[in-house]
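*Asks:* Okay, here's the prediction I keep looking at, along with the sequence it came from:
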Amino acid sequence: MSGIQLERVSKEFPNGFVAVDGISLDVADGEFMALVGPSGCGKTTTLRMVAGLEEATAGTIRIGDRDVTDLPPRKRDVAMVFQSYALYAHMSVRGNIGFGLKMAGMPKAEIASRVDEAASILGMTELLDRKPRELSGGQRQRVAMGRAIVRRPAAFLMDEPLSNLDAKLRVEMRGEITALQRRIETPTLYVTHDQTEAMTMGDRVAILRDGVIEQLGTPGELYESPANMFVASFIGSPAMNLINGRCEMVDGRVTIAIGEARITIPDAVAAAHSELRGFAGREVCVGIRPEDFIDVADPADDDAVDVVVTRSESLGAELFVYFEEFAHARAQAAGAAGGLGNVGSAVDDLEATCRSTMVARLDRDCEVAVGERCRLRIDPTRVYLFDPETTGAIR
């Protein structure tokens with residue numbers, strides 16, 4: 001057995017706050033697992049419990065074939081890479097990379113061999129005699145990575161290692177870290193608050209909220225099949241548009257009414273969602289990704305809506321158009337639902353994610369101006385539907 005296993009692991013602090021609530025996670029040998037979620041969701045606490053820096057209140061933690069739940073950090077055979085590089089300013093790169101091995105009493109020849117090997121992997125051989133102050137931010141992060149590599153640990157634990165770098169360097173380092181991890185094939189648990197970072201780096205991604213894993217899957221699975229409204233609104237940039245609508249049956253077909261707009265769900269899509277017909281006559285939350293709007297001019301297109309542009313952002317290759325045409329639909333649907341006031345936290349999720357301001361990602365050649373009307377087609381095969389009472393996806 002190898003990798004990292006967490007089985008029903010929890011962390012409750014003395015004041016009664018539960019930071020992690022019974023999560024189970026299995027990081028396979030050689031796998032890159034990303035933990036992502038908003039601030040305070042429990043991801044760093046989870047990482048610290050695996051490292052032994054926090055004591056687990058309940059559950060079991062295994063690294064490789066060993067139960068390390070009650071072992072001190074030094075006996076867990078893990079290497080951590082932190083947000084801060086924590087380099088010794090008076091030491092050279094060589095000294096920083098090999099410091100942990102020196103403290104462990106390893107022979108000088110072995111230390112030199114391992115440091116040279118790590119420097120070669122990281123492309124830092126010519127920097128070994130420099131001091132940290134002579135390095136760029138990216139080079140300092142490579143030194144921190146080298147310090148972890150030389151230990152040849154059973155697992156890597158990384159806590160937002162790129163957050164101190166500028167945007168361009170973060171993109172470069174994302175590629176370097178994933179390429180390095182593929183090369184050394186060490187199971188890695190990587191914590192980040194950046195969903196783009198998680199989606200581009202992780203073989204699988206675990207999305208945490210309030211100490212619980214909301215969904216675990218490949219980046220493609222999370223994007224295509226979000227389990228609930230939280231995951232749907234968290235994954236994707238810009239975030240998925242979520243707005244209230246009403247499910248109706250018209251001539252035997254499932255339709256979704258959003259204010260004055262009406263989306264007819266293709267029969268094949270409706271058939272693939274066995275729960276959907278049971279929502280006829282009920283309110284639903286409708287999810288539309290910005291990239292699933294299409295600029296059209298045909299006034300007879302039933303799946304098109306007229307919107308008034310309130311803001312536009314050109315990024316060169318694409319255009320983001322913001323509008324609030326559906327603002328009235330949210331208020332109408334919330335009033336019609338009636339029972340929404342009695343479903344507790346689900347309402348908080350609904351109010352937090354269903355918003356009046358929406359965004360569409362259009363072709364860069366589209367000509368729109370703030371204050372003008374724009375007609376957008378909604379791809380009916382790409383509509384996501386959620387139960388407003390449970391916030392779960394309608395399957």
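*Replies:* Now that the structure is in, tell me what you want to look at. What you see is a predicted model, and the numbers here were worked out from it, not measured in a lab.

*Asks:* Show me what counts as buried in stretch 285-292.
*Replies:* For stretch 285-292, a neighbour-count test (16 or more other C-beta atoms under 10 Å) marks 285-290, 292 as buried. In this view, the C-beta of every residue, glycine as well, is placed from N, C-alpha and C.

*Asks:* and which of those is nearest residue 319?
*Replies:* Distances from residue 319 to these, taken as C-beta to C-beta, are shortest for residue 290 (10.5 Å).

*Asks:* Identify the residue nearest that closest one in space, chain neighbours excluded?
*Replies:* Computed as C-beta to C-beta, 6 or more residues apart in numbering, the closest residue to residue 290 that is not its neighbour in sequence is residue 361, at 4.1 Å.

*Asks:* Determine the number of other residues adjacent to the one you found.
*Replies:* When neighbours are counted by other C-beta atoms under 10 Å, residue 361 registers 17.

*Asks:* Over to residue 314?
*Replies:* Neighbour tally, residue 314, other C-beta under 10 Å: 12.

*Asks:* contacting residues for it?
*Replies:* The contact partners of residue 314, by C-beta atoms under 8 Å, 6 or more residues apart in numbering, come to 320, 364.

*Asks:* Just name the shakiest helix or strand of this structure by mean pLDDT.
*Replies:* Sorting the helices and strands of the chain by mean pLDDT, DSSP states H and E puts helix 327-337 at the bottom, at a mean of 38.

*Asks:* Now do stretch 218-226, average pLDDT.
*Replies:* Average pLDDT, stretch 218-226: 97.

*Asks:* Give me the buried positions along that stretch.
*Replies:* For stretch 218-226, the neighbour count (16+ other C-beta under 10 Å) marks 219, 222-223, 226 as buried.

*Asks:* Then stretch 188-208?
*Replies:* For stretch 188-208, by 16+ other C-beta under 10 Å, it's 188-195, 197-199, 201-208.

*Asks:* Return the subset of those residues lying in helices.
*Replies:* Residues of the buried residues of stretch 188-208 located in helices (DSSP state H): 195, 197-199, 201.

*Asks:* between those, which is closest to residue 242?
*Replies:* For those, the nearest to residue 242 is residue 195 (15.9 Å; C-beta to C-beta).

*Asks:* Quick check: residue 196 touching residue 238?
*Replies:* No: using C-beta atoms under 8 Å as the test, residue 196 is too far from residue 238 to be in contact (11.5 Å).

*Asks:* Mind giving me the packing neighbours of whichever strand or helix holds residue 362?
*Replies:* Assigned by DSSP states H and E, residue 362 belongs to strand 358-363. Counting contacts by 3 or more C-beta pairs under 8 Å, 6 or more residues apart in numbering; DSSP states H and E, strand 358-363 is packed against strand 241-250, strand 293-295, strand 318-323.

*Asks:* what does the longest helix belonging to the chain rub up against?
*Replies:* Scanning the chain for the helix with the most residues, using DSSP H, yields helix 167-184. With contacts defined as C-beta under 8 Å, 6+ apart, helix 167-184 is touched by 32, 121-122, 136-138, 141-142, 145, 149, 156, 158, 161-162, 165, 188, 197, 200-201.

*Asks:* and those residues, which are buried?
*Replies:* Using 16+ other C-beta under 10 Å as the burial test, the contacts of helix 167-184 include 32, 121-122, 138, 141-142, 145, 149, 156, 158, 161-162, 165, 188, 197, 201 as buried.

*Asks:* Give me the contact list for the strand holding residue 362.
*Replies:* 238, 241, 243, 288, 290-291, 293-295, 307, 318-326, 368, 376.

*Asks:* Parallel or antiparallel, which strands does that strand pair with?
*Replies:* Strand 358-363 pairs in its sheet with strand 318-323 (antiparallel), by DSSP bridges.

*Asks:* got the CA coordinates for the strand it pairs with in PDB?
*Replies:* Extracted in PDB, the C-alpha atoms of strand 318-323 (Å, rounded to 0.1, in the frame of the first residue of the first chain):
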ATOM      1  CA  GLU A 318     -12.600  37.000 -25.900                       C
ATOM      2  CA  LEU A 319     -15.200  39.500 -24.800                       C
ATOM      3  CA  PHE A 320     -17.100  39.400 -21.400                       C
ATOM      4  CA  VAL A 321     -20.500  41.000 -21.500                       C
ATOM      5  CA  TYR A 322     -22.300  41.700 -18.200                       C
ATOM      6  CA  PHE A 323     -26.100  42.300 -18.000                       C
END
